[in-house]
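Colleague: Provided below for reference: sequence and predicted model.
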Amino acid sequence: MVQFQFEFQPSIKSVNIEEDENGVFLGGSSGNSSLITEPSWCYRLWPASIIVSQFMEKKTELVRNSKIVLEMGAGTGLCSLVASRLGAETVIATDLKKSIPLLYRNCLKNNYGGLFYKLEHPDEERTEESVCRCADGHILQPFTTSSDEYCCNVCESEIDQDCYSCRECNFDCCLNCVQIVANRQLNLLPTWYSALLSAYCIDVATIGEDGGNEVELKSSVIVQQLDWTSEGDAAAVVATMVPRLASPAREDNNVPIEMMIVASDVSYNPSAVIAFLACVDRLTAQLAARMAEMLPPITVSASLLLAHHERSTVTTKLLQEEIQHRNWVILEERKECLPVEWGIDVTDWVHVLHMAIKQ
């Protein structure tokens with residue numbers, strides 16, 4: 001049994017990530033707005049990630065036969081680390097900018113290199129580690145709350161009144177955490193937040209490789225930013241995949257090269273379903289176009305391994321309709337019941353689907 005050195009933010013409160021008819025997140029538990037816990041979603045180890053990792057362990061040929069395994073919404077990186085350990089030639093772990101520091105740190109802890117983009121907000125300069133920031137990198141400012149429904153996004157304790165905040169990103173930090181940061185006692189903070197502050201520190205300009213195509217092909221795990229709504233991010237990920245799929249040259253280019261997209265718990269509400277699948281469409285279309293330009297042209301056979309946590313019938317029905325609309329072929333599917341000891345307080349089924357993506 002393989003053990004990983006792995007860090008994540010444990011869930012202290014239950015989180016409701018459903019939306020109303022206007023696309024607004026519904027309230028969370030304990031009378032607190034779900035907005036207070038949203039920024040830390042990507043730092044948690046969600047049950048579906050464990051389920052899909054176990055699926056890959058049982059189906060190792062899916063991983064080993066794939067020239068590239070691309071994880072979308074990698075979060076803390078468990079699935080990417082498992083895929084690499086199971087024999088994937090190249091793994092690309094992607095997520096939003098705010099997820100990259102902890103994702104990269106988990107890769108480093110397990111002796112994997114990677115591609116790491118600078119985490120810089122266009123309006124912000126690098127500072128000392130003693131400056132508090134939100135998950136998107138903005139420097140926090142003093143703020144007085146107007147109600148008792150505010151919690152610290154770092155430690156999740158309730159905020160009485162005064163705090164430091166980024167109202168643009170709805171990120172709040174209690175005075176206790178602010179003091180810890182001011183004292184540079186980053187070891188007392190959750191790992192995801194200390195990693196985030198370190199990434200913006202003036203002494204850590206870049207970690208690993210900077211962006212661009214001139215990266216060494218030997219990296220087994222590549223960490224890269226991917227906002228599902230960003231065409232630029234999608235193009236950058238495709239640019240990372242192309243040389244790895246095309247190298248080394250093959251004797252028979254008529255045999256498609258296999259790649260697999262892995263995603264767990266990314267279809268958590270209707271908006272996420274639409275955004276995720278649209279990004280899959282964009283990535284596969286761009287990749288097919290780039291590979292067709294090769295001499296001779298190279299065909300890529302892409303599949304999607306998706307773990308869908310069934311939180312609501314509306315979201316599940318939408319996902320099924322979108323898959324049918326794309327005419328994707330379901331190669332294998334199964335439902336896994338989450339163990340009671342995991343303490344899950346939402347619907348306890350995860351639907352695992354392995355599908356062939358049709359261009």
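Modeller: Thanks, I have the structure now.
Colleague: now the strands for the stretch 51-200 of the chain?
Modeller: 68-72, 90-95, 141-144, 162-166, 171-173 (DSSP state E, counting those that start in this stretch).
Colleague: the stretch 251-359 of the chain now?
Modeller: Using DSSP E, counting those that start in this stretch, strands in the stretch 251-359 of the chain cover 257-264, 300-309, 329-337, 349-356.
Colleague: so can I have JSON lines of the ones you listed showing mean pLDDT?
Modeller: What follows is those, written out as JSON lines (pLDDT from 0 to 100):
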{"stretch": "strand 257-264", "mean pLDDT": "96"}
{"stretch": "strand 300-309", "mean pLDDT": "95"}
{"stretch": "strand 329-337", "mean pLDDT": "90"}
{"stretch": "strand 349-356", "mean pLDDT": "91"}
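Colleague: now those as JSON lines including mean neighbour count?
Modeller: The C-beta positions use only the backbone N, C-alpha and C, and glycine is treated the same way. Listed next are these as JSON lines, based on neighbours: other Cβ atoms under 10 Å:
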{"stretch": "strand 257-264", "mean neighbour count": "24"}
{"stretch": "strand 300-309", "mean neighbour count": "23"}
{"stretch": "strand 329-337", "mean neighbour count": "12"}
{"stretch": "strand 349-356", "mean neighbour count": "19"}
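Colleague: what's the closest of these to Cys42?
Modeller: Among the strands of the stretch 251-359 of the chain, strand 257-264 comes nearest to Cys42, with 12.2 Å by Cβ to Cβ.
Colleague: tilt between the closest one and strand 300-309?
Modeller: 10 degrees (axes from the mean of the first three to the mean of the last three Cα atoms, to 10 degrees).
Colleague: strand 257-264: partners in the sheet, and parallel or antiparallel?
Modeller: strand 68-72 (parallel), strand 300-309 (parallel) (DSSP bridges).
Colleague: adding distance to Pro270, write those strands out as JSON lines.
Modeller: Output for these, formatted as JSON lines (distance: least, Cβ to Cβ, whole Å):
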{"stretch": "strand 68-72", "distance to Pro270": "18"}
{"stretch": "strand 300-309", "distance to Pro270": "13"}
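Colleague: of those, give the one that comes closest to Asn110.
Modeller: The nearest among these, by Cβ to Cβ, is strand 68-72 at 14.6 Å.
Colleague: so how far is the closest one off the chain centroid?
Modeller: In this view, strand 68-72 has its centroid 11 Å away from the chain centroid, taken as Cα atoms, centre = their mean, to the nearest Å.
Colleague: alpha carbons of that strand, as CSV, please.
Modeller: Provided in CSV are the C-alpha atoms of strand 68-72 (Å, rounded to 0.1, in the frame of the first residue of the first chain):
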residue,chain,number,x,y,z
ILE,A,68,-1.4,12.0,-20.5
VAL,A,69,-3.7,12.1,-17.5
LEU,A,70,-5.2,15.6,-17.1
GLU,A,71,-7.0,16.3,-13.8
MET,A,72,-9.4,19.2,-13.8
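Colleague: what's that strand in contact with?
Modeller: With Cβ atoms under 8 Å, 6 or more residues apart in numbering as the test, strand 68-72 has contacts from 63, 77, 79-80, 83-84, 88-95, 226, 228, 237, 241, 244-245, 259-263, 266, 276, 279-280, 283.
Colleague: try 6 Å
Modeller: 79-80, 83, 88, 90-94, 241, 244, 259-263 (Cβ atoms under 6 Å, 6 or more residues apart in numbering).
Colleague: let me see the mean pLDDT of it.
Modeller: When pLDDT is averaged over strand 68-72, the result is 96.
Colleague: relative to strand 90-95, how tilted is that strand?
Modeller: Using the same axes, to 10 degrees: strand 68-72 against strand 90-95 is 10 degrees.
Colleague: now do the buried residues in strand 68-72.
Modeller: Applying a neighbour-count criterion of 16 or more other Cβ atoms under 10 Å, the buried positions in strand 68-72 are 68-72.
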